[in-house]
Structure formats: structure tokens, C-alpha cells
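Q: quick one, what's the 3D model for this:
(chains A and B)
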Amino acid sequence: MSLFRKLKPDFWDYQDIGAGPHEKLFDFRRMWKLTVFLTVSVALIPLIILAVVDYHVTQGSVASENLLRTARLVSNARRSMFYFFEERRAALDFIVRQNSFASLNQPGALARILKNLKESFSGFTDLGLVDPLGYQRVYAGPFDLLGVDYSLQDWYREVCKKNIYISDVFLGFRQIPHMVLAVKRNLPNGSFYVLRATLETRQFEDLLSGLEMAGKGDAFLINRHGTLQTPSRYHGKTLDKLSLPVPHYASKTRVFEATENKGVPIIIGYRYIADTPFILMVVKQKQILMEAWQKTRIEILFFLGVSIVIILGVVIWMATYLVNKIYAADQARIATLHQVEYSNKMASIGRLAAGVAHEINNPLAIINEKAGLIKDLFTFKKEYTGDEKLLGLVEAILSSVKRAGTITKRLLSFSRQSDIRIQSIELKELIEEVITFFEKEAEYRSIDISIEIEDSVPRIESDRGKLQEIFLNLFNNACSAMENGGRLAVHIGRKDHGHVLVKVADDGCGIPEEDLERIFEPFFSTKTKKGGTGLGLSLTANFVREMGGQITVASELGKGTTFTIALPVVMERKEGQNACEYS
Amino acid sequence: MRVLLIDDEKELVSTLAERLSFRGIEADWVTSGKAALEKAAVTAYDIAVVDIKMPRIGGIELKRMMASEHPHMKFIFITGHGSEEDFKTASEEAGKEYYLVKPVDIEELTQKLRQVMGTQGGTA
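A: Numbering: from 1, shown residues only, chains lettered A, B, ... in the order given. Purely as a prediction, here's the structure:
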């Protein structure tokens, strides 16, 4: 909060009391907020929309690219698998078509065929010929399976029905995964026989494991009950139950997204291999596939973040700068307005004072002369002399006229202040003259006023009107700050060769430290409720500066305030200032 | 010493003239610039005591008008306007004339009149 207070621009807490119905025009905080809000909206909304759209488009394209690649992989692998089974099925089919049951039944025939098969197609383990009753009549292979009854076995029933059968994978006697491939041959006499072959699965296991896959990819076969038919990299060994659900049947390649039971998102591609119990599955971890996307995403977010920070920074700086300018211009406008108002007021008062003084001066002069004549009569004519009482009365009239005359002179001297006129001034006289305006008030409130002057203080060349106004303002302030019975001390001394120093000290209420810096600002006033305009000290400071002087203030709360004014002994004449101009 | 008092306030000039006579100075008086010109044409005055501000012909103007006819005539100006400080400055600019501020102190006026005549060589 204290940082905000430090950074807070001047206009933030400003309130123009005099703004009236146009209050909103001068609500700088509102202006600032509106500017920031509008500019930020116009700049950021399109940027954010673009970034969001780009984010989604890129994410979507990376995701769909992954799905597409998976689908292509499944498709290719399916083709290889399909041809693997198709080749071997065709080979068996060819054998049963080429050879009659009788020729196959001959001793050694099947063994020969097995040998040839092994040489042409890898993977065959044994061959057997089964009669319609389910008995294995001929067998070629490493096991003793002659005469085994297959009539009750599933595969036998299936092959009788469908003419071809490919079994699930099972562990044979050697504990090596095997599968059975069987074809049925119908004979013209209505009978039939079945040629059965056992295949090692290593062949297509190699096919699957040879696939190159990104993203911890895994390709394997399952049967329709979800049992693994080939070993997998991450999903278990052959004949393990797959932890993933068996996907629904589809005649084409399908790819979908799912989650593993640990919550890891995955992409699954699968294809039911026609005429086999197998489903080819490719499982990839989505997160690893999306790694390229992660990088892009960080780039997009970084770009967006940096852009937002820069835009916000520039917008806030610009708004603050511009509103500050407007605020400063407005302050200058108000200050000028008030100064004009103030000078107008002073000029009016001056004219009024001059008018009154003139009008009073003439009858005063007559009273003066008439009373003077009476006095002369008493003095010069014998018949009137000796009446002390009447003489006393005349003296009283004359002294009153003198007093009234002093007042009119003073009024007149105050009325001519518009132009700067440099003349020789005795500071003490001038200050005493100003103080006479406060004499009555001081008397009523028993305020003690003292003036001290050092001997070394010379007459100064300066502007009388401005000086009068400066001291009038300072004494006025001091009088309002003091309680009854206070003490106002004026000390006139010498600062250096070119400057005199006037100190005006009161023992009034003092000024709080936080206000001290601001008391020379226009419209800063602690007396607003008592009718202060907040202009007195600001104008005073202005006048002092105009005259080439300096004004400083020192104050202690509850103990009093001292204003110190340094004035040049000879005020420099500026361009446009008239010298003595008598009117 | 012949003195002419000029002021638009009759009460003022007449009384001033009477008071001056008590002090041994004989003064005539008129209440306008025009009357002053007429009077000066008849009588030769040494000094004019004149109000600066008068209707139609003011004091300064009157001095200018009389300058050719009466080059030796001296002027003391009286006015209700301004502080003494101003007059000191102004009098320096205006030459050797003297200024007095209303209400006029009779002793000061008497002294000034004598002073002016004195500088002239006292041809009373």
C-alpha cells in the first residue's frame, strides 16, 4: 500500500469542489480508469482471442496428427498380419486341393509336405489330418498325437461349420505360444476331412515388435475376450488379461482417446483382423506424443504473457502521463483564473478606496480650514483670545481631521497596486503602516505586536504595493493562527550584502509537518471552512518570487510559525514594468 | 508677495486666504482655472497655490497655460491624491514645484510660500 502511495499520481485524490455539474469532466481518476480500460480492452481482447484460437488450432492439429499417424500405423500393421494369416491359410488350402485324402494318407507324405512348408513358410510346427469323426488319422510333427480324438473340441466344431479356423494363442507342450490353423476339404462323396497345422507365433510377434513407434507406443494382438495374444511392451505378457477394455467391433480402423486406469491419457488404435479371432491394438501415451505441443504451448503462453505485460505497462504509463498533463493544465487554468479574480477584486477594492478617500478628503479639507480659521481667530484676534476651553475644542477637531487624513492617505496608497513600481522604501515604516490595519484587532484581542530593526538595514528599492500585500497577508495569517493574548514579532535584519531578511513570527497554533510543504500551493487552505480561499500564501509567495526574493517557513505544532522573507536590496526591473508613473 | 489661491471648493480657498492673511501673506482666491487666467491677466502674482484636480482646467494644465504669459510665476500644487512618498518622487520629476497633500497644514503652506519666495530672492 505504501508503494502505491509513492507511485500514486497527483491527480488520484484530487477533487474539484467548484466543478459543479461538469464534475465528471474533472474527475481525473475516472478519466484515467476509462482510458486504461478502453485502451487495454482494444489492445488485449483481439490479442487474447487470437492467442486462444491459435492455441486451440495448434493443439487440435497436433492431436489430430497423432490420431492420423496412429491410424496409419494400425492400418499398415493390420495388412501385414492379415497377409501372414492369409498366406498360411492359402498354403493349407492349396495342400488339401492339390492332394487327395488318399495321397495324404500315405505314410511319409505329410512329413514331406511339412518339411517343404517349413522351408517355404516359416512358423509351421506340425501337420495333422483329421477324419470326419474327429480322429487324427495322420500326423507329422514332433509330438505323439496320432489317433487323438478332436471331435468334442471347439476348433473342430468351428472348422466343420466354417471350413476354416484360426485358433487363439495357447501354450503348447513345449510352453511356447502356439496357435492352430485348420482347413476343411469337402469330398465329392459328401464326406470331408480336415488339415490341421500348428503355428508358432514368434513370426508375427517379430512383425509387431519391429514396428517403430513414438510416445511409448505398444502394438499387440488380443483375442475377443481381451487376452493378450502376443507379448506387449507395457501391457503384459502373452495370455495375460489386458487391463484395457476390449474395443467394440468395427470393420475399419478406429482410433480413439481413453485413459488408463492410472489416469494416464492414451490414444488407442485398433482393427479387427478379418477371419481371425484377433484384434490388432496400438496403444500410445498421449502426453509423450503431445510433447512437441507442450513446447509450442509454452511459446504461445510466453508470448501472450510478455505482450500483456508490455501493453499494460505502456497503457498505464501513457494514461498516467496524459492525465497528468491534463491535470497540470487544469491546475494552471484554475490558478490563473483565481489570480485574475483576485487581482480584479483587489483592483475593485482599490478603486472603491480611492473614491471614498477622494470624496472624504474634500469636506475634510474644509473642516480642517474652518477649524484652522477658528483657531487663527483665537490666536490672532484680541477679542477671542484667552478662551482656553474653545481653543482646546478646536485642537481636538484639528487632531481628528489629521487622523482622518492619515486614513484617507493610506487608503489611497493601497489603491494603486496594479503596476510594479520600484521606489525607495523604508521597510520599518512600511511594516508599521501595514500593522496599523491590525492595531484595533490587536488591541481588542490583547495581541502584542513588536517590530525590531537592525541598524545595518538599508532602505530598499522595491515595489510598495506588493510589499504591503505580502505583509498584509502574513499578518492576517498570523492573527488568525493566534489565540487572544498572543505575540507577533517582526524582525528586520540583513541577510548578506544584497538582501534584507524579514522574519514574521507568531506563537499561534502552528502548521502540521505534512502541510508545511503544501502551504504555498494555490488553494491549499486549512481555513476553507472559515472563508479562506487558499490563495493568500500562494500569492504572497508569488509576489516574493516576482520581486526576486525567497520565502521559507518553519513551524512547530502548538508553538508557532515563523515566515522568513529574503528581499533584494535593489529589486531588478523586468521588461514591461513601468518606472514611476504618476496619475 | 502676491499669492493666488485656486481651488474649486470656495469654502476651502476663502478660508485659506483668510488664514494666510493672519500670517501676513495677502492672497487672492478664485474657484476655477478660467477665473485664475482672467485674474492673472489683471494682477501679476508671484505664486499660485493650485489644486491639481479641478473641473475643466486642472492645476498642471493651468501651469502650462500660464507659462508663456507669466514665466516667473511659481506654483505649489495641492491634491487629495496619493501618499507623500509618491509626491516626493513625482516632484523630483516635475522640477522645482512643490506639492502639498490635502488636508493642508497651514503652517506648512506658509513655510513653503516663504521658501519659494526666498529662493527667488525675496521680492515681497
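Q: number of nearby residues for residue A:392?
A: 10 (other Cβ atoms under 10 Å in any protein chain shown). (Each C-beta comes from the backbone N, C-alpha and C, glycine too.)
Q: the residue positioned nearest the centre of chain B in helix, strand or coil?
A: Nearest residue to the geometric centre of chain B (Cα atoms, centre = their mean): residue B:49, 1.0 Å. Under DSSP: H, G, I helix; E, B strand; the rest coil, residue B:49 falls in the strand class.
Q: for it, list the residues it contacts.
A: Applying Cβ atoms under 8 Å, 6 or more residues apart in numbering or on different chains, we find residue B:49 in contact with B:3, B:4, B:5, B:6, B:16, B:27, B:75, B:76, B:78, B:109, B:113.
Q: the third one touches residue B:25, doesn't it?
A: No - at 10.3 Å, residue B:5 and residue B:25 do not qualify as touching, with contact defined as Cβ atoms under 8 Å.
Q: looking at these two, which is more packed in?
A: Just comparing residue B:5 and residue B:25: by other Cβ under 10 Å the higher neighbour count belongs to residue B:5, 26 against 19.
Q: show the pLDDT at the more buried one.
A: pLDDT, residue B:5: 92.
Q: which parts of chain B are strands?
A: For chain B, the strands defined by DSSP state E occupy B:3-6, B:27-30, B:47-51, B:74-79, B:98-101.
Q: returning to what we had before: what bridges to the residue nearest to the centre of chain B?
A: residue B:5, residue B:76 (DSSP bridges).
Q: distance of it from residue B:72?
A: Distance from residue B:49 to residue B:72, counting by Cβ to Cβ, to the nearest Å: 16 Å.
Q: domain ranges for chain A?
A: A:24-60+A:298-345, A:62-289, A:420-573 (automatic domain parsing).
Q: between those domains, which gets nearest to chain B?
A: Chain B lies closest to domain A:420-573 among the domains of chain A, at 5.9 Å (Cβ to the nearest Cβ).
Q: for the domains of chain A, give me JSON lines that also has mean neighbour count, distance to residue A:7 and mean pLDDT.
A: Shown next, in JSON lines, are the domains of chain A (neighbours: other Cβ atoms under 10 Å in any protein chain shown; distance: least, Cβ to Cβ, whole Å; pLDDT from 0 to 100):
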{"stretch": "domain A:24-60+A:298-345", "mean neighbour count": "14", "distance to residue A:7": "9", "mean pLDDT": "88"}
{"stretch": "domain A:62-289", "mean neighbour count": "17", "distance to residue A:7": "43", "mean pLDDT": "87"}
{"stretch": "domain A:420-573", "mean neighbour count": "17", "distance to residue A:7": "18", "mean pLDDT": "82"}
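Q: okay if I get the ones you listed as CSV plus distance to residue A:373?
A: Below are these laid out as CSV (distance: least, Cβ to Cβ, whole Å):
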stretch, distance to residue A:373
domain A:24-60+A:298-345, 42
domain A:62-289, 119
domain A:420-573, 30
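Q: who are the packing partners of the lengthiest helix in chain B?
A: Longest helix in chain B, counting residues (DSSP state H): helix B:106-120. Helix B:106-120 sits against helix A:291-380, helix B:10-22, strand B:47-51, strand B:74-79, strand B:98-101, with contacts defined as 3 or more Cβ pairs under 8 Å, 6 or more residues apart in numbering or on different chains; DSSP states H and E.
Q: now tabulate those in a markdown table and tack on distance to residue A:157.
A: Putting the helices and strands packed on helix B:106-120 into a markdown table (distance: least, Cβ to Cβ, whole Å) gives the following:
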| stretch | distance to residue A:157 |
| --- | --- |
| helix A:291-380 | 51 |
| helix B:10-22 | 156 |
| strand B:47-51 | 153 |
| strand B:74-79 | 148 |
| strand B:98-101 | 148 |
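Q: wait, which of these is closest to residue A:439?
A: helix A:291-380 (18.0 Å; Cβ to Cβ).
Q: and the angle from the helix or strand following that closest one to helix A:291-380?
A: For helix A:291-380, the succeeding helix or strand toward the C-terminus, using DSSP states H and E, is helix A:388-415. Helix A:388-415 runs at 150 degrees relative to helix A:291-380, counting by axes from the mean of the first three to the mean of the last three Cα atoms, to 10 degrees.
Q: which strands or helices does helix A:388-415 pack on?
A: Applying 3+ Cβ pairs under 8 Å, 6+ apart, one finds that helix A:388-415 contacts helix A:291-380, helix A:427-444, helix A:464-481, helix B:84-94.
Q: just want the angle from that helix to helix A:464-481.
A: Using the same axes, to 10 degrees, helix A:388-415 lies at 100 degrees relative to helix A:464-481.
Q: could you give the average pLDDT over helix A:388-415?
A: Mean predicted confidence for helix A:388-415 is 77.
Q: check which element follows that helix along the chain.
A: Once the chain leaves helix A:388-415, the next helix or strand it forms, by DSSP H and E, is strand A:422-425.
Q: so what's residue A:36 closest to, chain neighbours aside?
A: In this structure, residue A:36 finds its nearest non-sequential neighbour in residue A:319, 4.8 Å apart by Cβ to Cβ, 6 or more residues apart in numbering or on different chains.
Q: the one you found is in contact with residue A:38, isn't it?
A: No - between residue A:319 and residue A:38 there is no contact under Cβ under 8 Å: 9.5 Å.
Q: for the helices and strands packed on helix A:388-415, please prepare CSV with the additional fields distance to residue A:264.
A: Output for the helices and strands packed on helix A:388-415, formatted as CSV (distance: least, Cβ to Cβ, whole Å):
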stretch, distance to residue A:264
helix A:291-380, 14
helix A:427-444, 92
helix A:464-481, 80
helix B:84-94, 102
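Q: between those, which gets nearest to residue A:52?
A: Nearest of these (Cβ to Cβ): helix A:291-380, 9.0 Å.
Q: so which elements touch the closest one?
A: Helices and strands touching helix A:291-380, by 3+ Cβ pairs under 8 Å, 6+ apart, are helix A:28-98, helix A:388-415, helix A:536-546, helix B:10-22, helix B:106-120.
Q: same thing but at 6 Å, please
A: Counting contacts by 3 or more Cβ pairs under 6 Å, 6 or more residues apart in numbering or on different chains; DSSP states H and E, helix A:291-380 is packed against helix A:28-98, helix A:388-415, helix B:10-22.
Q: next, the angle from that helix to helix A:536-546.
A: Inter-element angle recorded for helix A:291-380 and helix A:536-546: 80 degrees (by the same axes, to 10 degrees).
Q: find the residue closest to residue A:539 in space, skipping its chain neighbours.
A: Nearest residue to residue A:539, sequence neighbours excluded (Cβ to Cβ, 6+ apart): residue A:342, at 6.4 Å.
Q: and if you look at residue A:170?
A: Nearest residue to residue A:170, sequence neighbours excluded (Cβ to Cβ, 6+ apart): residue A:178, at 6.1 Å.
Q: what do you get for residue A:261?
A: residue A:243 (6.0 Å).
Q: next one: residue A:450
A: Spatial nearest neighbour of residue A:450, chain neighbours left out: residue A:489 (5.1 Å); criterion: Cβ to Cβ, 6+ apart.
Q: quick check: that neighbour is in a helix.
A: No - the assignment for residue A:489 (three-state DSSP) gives strand, which keeps it out of a helix.
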